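> Sequence unavailable; structure follows:
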């Protein structure tokens with residue numbers, strides 16, 4: 001008892017001295033007193049023990065997670081590098097991946113689609129938080145509609161990811177693009193304003209509650225009236241782009257709770273479709289076509305991992321509305337067209353996995369219902385039921401990994417004069433060996449895409465006798481993933497059977513479908529990067545190069561036999577250098593595309609010259625009072641003022657500027 005009184009006296013004198021010396025607040029004083037009372041309580045019960053030499057034994061601890069697999073080639077841009085690029089949409093970011101061609105029809109307001117290794121945009125699955133974005137009408141996803149402001153990463157996989165709990169749909173594409181939404185790691189409010197060339201004005205707002213949800217809103221308008229130069233063997237035109245304006249607003253929200261993720265998206269836009277540049281005598285030949293879009297979806301997913309079991313469920317509803325107007329009163333060369341299109345899509349999937357020590361089995365089933373209705377002359381309402389079932393096995397033994405997957409697809413349309421149902425079983429084989437930082441891998445995948453509803457049923461164009469388009473892919477490569485340096489080398493060979501190529505005719509809304517029968521692609525892909533930090537300095541680099549030959553092998557008797565496929569350059573590459581110092585960052589990006597033909601005839605008039613662009617983006621962060629951050633950004637795109645075309649007769653903007661101010665609360 002004496003020792004307890006002595007301890008109390010010493011602790012009281014110590015506390016009193018601390019209060020006098022350091023002028024502790026009443027709150028801290030009360031806290032110290034509580035600690036003293038707790039200590040006395042332990043003394044009174046004889047429970048104060050010296051633990052220096054005591055050993056505690058914990059019960060078994062199980063760590064549950066997902067180990068990454070390196071079975072297929074993949075490329076990712078994430079974190080600061082993603083946001084420091086001079087980019088505004090997912091399409092802009094994908095330009096810097098190896099083997100990717102972005103088709104951009106006229107710059108600011110034009111359609112933007114992605115093509116990987118010349119397999120076609122319909123063979124590229126685009127996923128947001130693991131759930132696919134679809135367009136049953138024409139199979140093309142306009143990546144210009146998706147902002148990078150709330151993205152954590154953008155990844156490209158040749159074939160698909162190789163993890164347990166994959167949905168069946170994720171195995172149904174020749175290549176996959178994954179957009180991963182950033183889960184908020186802090187509570188913040190951001191307000192942003194931007195102004196730039198060609199009448200650009202944008203306003204953005206972002207609010208997030210740490211770990212739970214975010215709300216993101218954006219409004220943007222641009223006139224798109226940039227100057228251009230167009231030159232061919234018989235033409236030399238200088239002018240200003242007309243009808244290339246776009247106004248849109250976008251609202252997004254996402255919520256996160258334990259294994260649940262919910263995402264809501266709404267996009268509304270009005271844009272002009274600029275059309276191709278032609279030899280003009282007067283401005284009456286300028287395109288005046290207009291397009292209005294509304295896109296809405298809500299999706300939710302649930303994921304739960306146990307020691308040996310895993311469960312994942314996805315559910316999505318989407319609604320798309322499109323209004324297209326072509327008015328001869330404003331364009332003498334046009335025919336009157338005023339069409340409205342609506343699409344609905346309901347999607348659900350369930351995946352389950354069981355894991356042994358060296359083997360993981362995944363079973364998944366998907367069901368999708370899609371409809372299309374429009375007021376096109378003699379068009380009949382159609383809906384499609386698409387079901388997929390997957391069995392996938394991943395075996396791991398020491399450094400060896402194998403993945404074998406079987407996908408069964410059943411597609412049935414319901415309309416007047418409907419096409420025959422499709423029933424297909426397609427395999428995939430992947431293997432890799434990992435030794436320290438080195439990974440050696442190879443894969444083979446055979447997959448098809450069903451003809452789109454436009455391909456089959458569009459008035460005067462569609463044909464219910466179309467065959468599905470098959471792709472067969474072979475790939476072998478090596479990866480090195482060190483602490484600072486990483487690189488990958490891949491050689492690949494692709495065959496596309498009954499390939500359908502969509503080429504814009506009088507306007508980018510109307511297409512002519514050309515079937516090449518058989519296309520063979522042989523390519524080499526190189527990619528690498530280096531990331532390092534030295535105190536306040538940081539460096540992040542990423543480089544890609546692709547050499548690829550795509551030729552038509554349809555008919556030996558045709559004059560186009562072994563000719564190059566349109567819009568497939570032999571050489572292409574990119575380079576990103578992101579320098580950081582303290583609160584400054586300077587990002588330089590270089591993009592190169594070699595010569596390519598616009599038509600399969602491969603005439604000299606159809607040869608598009610090579611082009612390159614250099615973009616610069618400078619950021620500076622200012623720390624104000626009360627933790628408020630002010631960020632200023634200056635961007636210069638196409639520094640060298642390159643006058644080029646991604647698609648023939650659709651000239652791209654020259655040098656342009658953008659200024660942005662962002663306030664973070």
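Yes, it's here. Note that this is a predicted model, so its numbers are computed, not measured.
> so what secondary structure elements neighbour the helix or strand hosting residue 263?
Using DSSP states H and E, residue 263 falls within strand 260-272. Packing partners of strand 260-272 (3 or more Cβ pairs under 8 Å, 6 or more residues apart in numbering; DSSP states H and E): strand 246-257, strand 290-305. C-beta coordinates here come from the backbone N, C-alpha and C atoms, glycine included.
> List the buried residues in that strand.
For strand 260-272, burial by neighbour count (16 or more other Cβ atoms under 10 Å) applies to 261, 262, 263, 265, 266, 267, 268, 269, 271, 272.
> Each with direction, which strands does it pair with?
Strand 260-272 pairs in its sheet with strand 246-257 (antiparallel), strand 290-305 (antiparallel), by DSSP bridges.
> Buried ones in the longest one, by neighbour count?
Meaning strand 290-305. For strand 290-305, a neighbour-count test (16+ other Cβ under 10 Å) marks 290, 291, 293, 295, 297, 299, 300, 301, 302, 303, 305 as buried.
> Just the mean pLDDT for that strand, thanks.
Here strand 290-305 scores 92 as its mean pLDDT.
> next helix or strand past that strand?
Toward the C-terminus, strand 290-305 is succeeded by strand 309-326 as the next helix or strand (DSSP H and E).
> the helices in the chain, which residues?
Assigned by DSSP state H, the chain shows helices spanning 2-22, 26-44, 79-84, 90-94, 453-457.
> For the buried residues of strand 290-305, give me CSV that also has distance to residue 393.
Listed next are the buried residues of strand 290-305 as CSV, based on distance: Cβ to Cβ, whole Å:
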residue, distance to residue 393
290, 51
291, 46
293, 42
295, 37
297, 32
299, 28
300, 28
301, 23
302, 24
303, 20
305, 18
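> related to what we said a few turns ago, need the helices and strands packed on strand 260-272 in a markdown table with distance to residue 443, can you?
Listed next are the helices and strands packed on strand 260-272 as a markdown table, based on distance: least, Cβ to Cβ, whole Å:
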| stretch | distance to residue 443 |
| --- | --- |
| strand 246-257 | 32 |
| strand 290-305 | 25 |
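> So for residue 374, which of those strands sits nearest?
Counting by Cβ to Cβ, residue 374 lies closest to strand 290-305 out of the helices and strands packed on strand 260-272; the figure is 13.8 Å.
> Run the angle between that closest one and strand 309-326 for me.
Relative orientation of strand 290-305 and strand 309-326, computed by axes from the mean of the first three to the mean of the last three Cα atoms, to 10 degrees: 180 degrees.
> how far does strand 290-305 sit from the chain's center?
Computed by Cα atoms, centre = their mean, to the nearest Å, the chain-centroid distance of strand 290-305 equals 14 Å.
> for the closest residue to residue 465 other than its chain neighbours, what are its contacts?
Distances taken as Cβ to Cβ, 6 or more residues apart in numbering place residue 419 nearest to residue 465, at 7.6 Å, with adjacent residues excluded. Applying Cβ atoms under 8 Å, 6 or more residues apart in numbering to residue 419 gives the contacts 413, 451, 456, 464, 465, 466.
> Return the subset of the residues you listed lying in strands.
Of the positions in the contacts of residue 419, residue 413 sit in strands, assigned by DSSP state E.
> Can you pick out the most distant pair from the contacts of residue 419?
413 and 465 (13.1 Å).
> Compare those two (neighbour count), which wins?
Taking neighbours as other Cβ atoms under 10 Å, residue 413 and residue 465 compare with residue 413 leading, 24 against 9.
> what's the neighbour count on the residue nearest to residue 174 when sequence neighbours are not counted?
Take residue 174 and drop its neighbours on the chain: the residue closest to it by Cβ to Cβ, 6+ apart is residue 123, 4.0 Å away. Residue 123 is flanked by 26 other residues according to other Cβ under 10 Å.
> For the residue most central in space within the chain, give me its contacts.
Centroid check for the chain by Cα atoms, centre = their mean gives residue 179 as the closest residue, at 4.1 Å. By Cβ under 8 Å, 6+ apart, the contact list for residue 179 reads 90, 126, 127, 128, 129, 146, 151, 153, 154.
> Run through the bridge partners of it.
Counting by DSSP bridges, residue 179 forms beta bridges with residue 128, residue 154.
> roughly how far apart are it and residue 657?
For residue 179, the distance to residue 657 equals 28 Å [Cβ to Cβ, to the nearest Å].
> what sits against the nearest residue to residue 531 once chain neighbours are set aside?
Closest residue to residue 531 apart from its sequence neighbours, by Cβ to Cβ, 6+ apart: residue 540 at 4.8 Å. Counting by Cβ under 8 Å, 6+ apart, residue 540 makes contact with 80, 81, 529, 530, 531, 576, 577, 578, 580.
> ok, the third one to residue 140 distance?
From residue 529 across to residue 140, the span is 30 Å (Cβ to Cβ).
> what do you get for the last one?
The gap separating residue 580 from residue 140 is 37 Å, by Cβ to Cβ.
> Next, count neighbours for the nearest residue to residue 422 once chain neighbours are set aside.
Using Cβ to Cβ, 6+ apart and skipping the chain neighbours, the partner closest in space to residue 422 is residue 411 (4.3 Å). Neighbouring residues of residue 411 were enumerated by other Cβ under 10 Å; the total is 20.
> wait, residue 411 sits on residue 450?
Yes. At 4.8 Å, residue 411 counts as touching residue 450 under the criterion of Cβ atoms under 8 Å.
> Need the overlap of contacts for the two.
Listed as contacting both residue 411 and residue 450 by Cβ under 8 Å, 6+ apart are 386, 422.
> Could you report the neighbour count for residue 474?
Residues lying near residue 474 (other Cβ under 10 Å) number 14.
> Residue 455: neighbour count?
For residue 455, the count of nearby residues is 24 (other Cβ under 10 Å).
> Distance-wise, check it relative to residue 561.
Here residue 455 is placed at a distance of 25 Å from residue 561 (Cβ to Cβ).
> Run through the bridge partners of residue 382.
According to DSSP bridges, beta-bridge pairing links residue 382 with residue 372.
> mean confidence score for stretch 434-452?
pLDDT averaged over stretch 434-452 gives 89.
> And that stretch, what's buried?
Buried residues in stretch 434-452 (16+ other Cβ under 10 Å): 434, 439, 441-452.
> Check the residues you listed against residue 231 and report the nearest one.
Closest to residue 231, out of all of the buried residues of stretch 434-452 and judged by Cβ to Cβ, is residue 452, at 35.4 Å.
> Next, the contact list for the closest one, please.
Each residue near residue 452 by Cβ under 8 Å, 6+ apart is listed here: 122, 135, 136, 137, 138, 139.
> follow-up on the earlier one: figure out which of the strands paired with strand 260-272 is closest to residue 160.
Set against residue 160 and scored by Cβ to Cβ, these come closest in strand 290-305, at 17.0 Å.
> ok, the nearest residue to residue 454 once chain neighbours are set aside - how many residues close by?
Counting by Cβ to Cβ, 6+ apart, the nearest residue to residue 454 once its immediate chain neighbours are dropped is residue 138, at 4.8 Å. Residues near residue 138, counting by other Cβ under 10 Å, number 18.
> Same check on residue 314?
Count around residue 314 with other Cβ under 10 Å applied: 23.
> That one and residue 365 touch, don't they?
No. Taking contacts as Cβ under 8 Å, residue 314 lies outside contact range of residue 365: 11.2 Å.
> Give me the common contacts of the two.
Here residue 314 and residue 365 have residue 349 as joint contacts, going by Cβ under 8 Å, 6+ apart.
> ok so, going back, among the buried residues of stretch 434-452, which lie within strands?
Those of the buried residues of stretch 434-452 lying in strands (DSSP E): 434, 439, 441, 442, 443, 444, 445, 446, 447, 448, 449.
> quick one, what contacts the last one?
Under the criterion of Cβ under 8 Å, 6+ apart, the neighbours of residue 449 are 120, 122, 123, 139, 468, 469.
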